[in-house]
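> whatever this is, show me its structure:
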Amino acid sequence: MTAARHALFPGSFDPPTLGHLDLVRRASRLFPRVSVALARHPEKREVLPLDQRAALLRELTAELGNVDVAAFDGLVVDGCRALGADAIVRGLRHAGDFEYEAQMSRTNALLAPGVETVFLVAAPEFVHVSSTLVRQIGALGGDLSKLVPPIVERAVRAAYSETP
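Residues are numbered from 1 along each chain as shown. Prediction:
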């Protein structure tokens, strides 16, 4: 087996967190090319529209020359095929994440043989950070400054100030 050349880092990124950005930076050191692949989560209500999340991620990763941002619909393995990725990067914060991600990894391996899944363990300072937590704190007007970059905090605040 040859080393993977192009990794897909999929997620809803609603909103992008400091933990997400840490994983993107780390993946960019491991792979020649990384595509941050935004998807709509069919079971979640979006706080930030997909195009806004993509624009935020492009701005936040602009200094990483080997990272691009793309939106896709459908299965992650379909995103891999469409973008030519041969690896999937997933972050793990705790044991519960591992159980879910291991199941997805095995399923993706059946659907797309040759596409490897690489797990990156969350840095200790981000292990508690999730988009769900950010949305909950944002909805209640709490301080997001230690969870998301300033441009994301402004976007979340604006989204909740417009929510009826």
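
> and the contacts of the top helix by length along the chain?
In the chain, taking DSSP state H as the definition, the longest helix is helix 95-111. If you take Cβ atoms under 8 Å, 6 or more residues apart in numbering as the criterion, helix 95-111 is touched by 75-77, 88, 90-92, 115-117, 119. No exception for glycine: its C-beta is placed from N, CA and C like everyone else's.

> now stretch 38-50
Stretch 38-50 is touched from outside by 10-15, 53-54, 56-57, 69-73, 76, 79, 135, 138, 155-156, 159-160, with contacts defined as Cβ under 8 Å, 6+ apart.

> mind checking which of these land in helices?
Going by DSSP H, the helices hold 53-54, 56-57, 76, 79, 135, 138, 155-156, 159-160 from these.

> as a check, name the ranges of all strands in this protein.
6-11, 33-38, 67-71, 87-92, 116-121 (DSSP state E).

> would you turn those strands into a markdown table with mean pLDDT and distance to residue 108?
Putting the strands of the chain into a markdown table (pLDDT from 0 to 100; distance: least, Cβ to Cβ, whole Å) gives the following:
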| stretch | mean pLDDT | distance to residue 108 |
| --- | --- | --- |
| strand 6-11 | 97 | 10 |
| strand 33-38 | 97 | 13 |
| strand 67-71 | 96 | 18 |
| strand 87-92 | 97 | 6 |
| strand 116-121 | 97 | 6 |
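
> mind putting those in JSON lines, mean neighbour count included?
Output for the strands of the chain, formatted as JSON lines (neighbours: other Cβ atoms under 10 Å):
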{"stretch": "strand 6-11", "mean neighbour count": "24"}
{"stretch": "strand 33-38", "mean neighbour count": "25"}
{"stretch": "strand 67-71", "mean neighbour count": "18"}
{"stretch": "strand 87-92", "mean neighbour count": "23"}
{"stretch": "strand 116-121", "mean neighbour count": "16"}
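
> let's have those strands in a markdown table, adding distance to residue 19.
As requested, the strands of the chain are exported to a markdown table (distance: least, Cβ to Cβ, whole Å):
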| stretch | distance to residue 19 |
| --- | --- |
| strand 6-11 | 11 |
| strand 33-38 | 13 |
| strand 67-71 | 16 |
| strand 87-92 | 7 |
| strand 116-121 | 10 |
